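Asks: here is my input, please return the structure:
(one chain, ligands or ions: 1)
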Amino acid sequence: MNEPASDVYGQGDATFRAAGGETGIRKLIDAFYDLMVSDQAYATIRSWHPQQIEISRDKLTAFLCGWMGGPRRYNEKYGRISIPQAHAHLPITAVERDQWLACMKAALAQQDYPVALKEYLLRELTVPAQRIVETRAYRP
Ligand code: HEM
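Replies: Numbers count the residues shown, from 1 in each chain. Predicted structure coming up:
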């Protein structure tokens, strides 16, 4: 009864609010990148990020604010973005997609979110993650 039904997420800014707004999303992304730099399981995708990972923390947090139905911080700060195009220079296959999603799953596990929200976010994030792999595969 305490957990909202997962079909509430995705409507308006429900997901953004459930994730704790900008502060909550920043906490999630800090956990995500802390894991990525410290756990060898994510070494490949970490090596593709800038040495100074701070900018990546800020960009992913900003993007996810809008993606979850909150303020479009990425567009405000950095301009337009297409997720597949932003990754087109990287050799991302299903292996690296799964590395990224596993890292996100581990970061979500550390958050004080309802289980339904964790499951919803991981499921929804697989959509752009898969699109990144497919866009690259179909590139001439
Ligand atoms: C499929 C697995 C993924 C991998 C391996 C990956 C890896 C990376 C890497 C290495 C960068 C830094 C690129 C650079 O600075 O040259 C990056 C940037 C970024 N990623 Fe991903 N990513 C993945 C999926 C996603 C997904 C699913 C999203 C969003 C839902 C996302 C959002 C972003 C954003 C917003 C940036 C910053 C883009 C920019 O402004 O340059 N990524 N990613």
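
Asks: in stretch 70-82, which residues are buried?
Replies: Of the residues in stretch 70-82, 70, 73, 74 count as buried by neighbour count, 16 or more other Cβ atoms under 10 Å. (C-beta placed from N, C-alpha, C; glycine too.)

Asks: that one: end-to-end distance?
Replies: Counting by Cα to Cα, to the nearest Å, you get 18 Å between the two ends of stretch 70-82.

Asks: residues making contact with stretch 98-107?
Replies: Here stretch 98-107 makes contact (Cβ atoms under 8 Å, 6 or more residues apart in numbering) with 28-29, 31-32, 35-36, 39, 41-42, 44-45, 121-122, 125-126, 129.

Asks: please flag which of these sit within helices.
Replies: 28-29, 31-32, 35-36, 44-45, 121-122, 125-126, 129 (DSSP state H).

Asks: now the buried members of these.
Replies: Among the ones in helices among the contacts of stretch 98-107, those that count as buried by neighbour count (16+ other Cβ under 10 Å) are 28, 29, 31, 32, 35, 36, 45, 121, 125, 129.

Asks: and the second one, how far from the ligand?
Replies: This means residue 29. 10 Å (Cβ to the nearest ligand atom, to the nearest Å).

Asks: and what of the first one?
Replies: Residue 28 sits at a distance of 12 Å from the ligand (criterion: Cβ to the nearest ligand atom).

Asks: low-confidence ranges, this protein, go.
Replies: Applying pLDDT under 70 to the chain flags the ranges 1-7, 138-140.

Asks: so which residues of it form strands?
Replies: For the chain, strands defined by DSSP state E do not occur.

Asks: who in it is up against the ligand?
Replies: By the rule Cβ under 6 Å from any ligand atom, the part of the chain lying against the ligand is 45, 48-50, 56, 59-60, 63, 67, 78, 83, 86-87, 90, 92, 96-97, 100, 125, 128-129, 132.

Asks: go again using 5 Å as the cut-off
Replies: 45, 48-49, 59, 63, 86, 92, 96-97, 100, 128-129, 132 (Cβ under 5 Å from any ligand atom).

Asks: buried among those? Make that a PyMOL selection.
Replies: Only the buried members of the residues of the chain next to the ligand enter the following PyMOL selection, criterion being 16+ other Cβ under 10 Å:
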select buried, resi 45+49+59+63+92+96+97+100+129+132
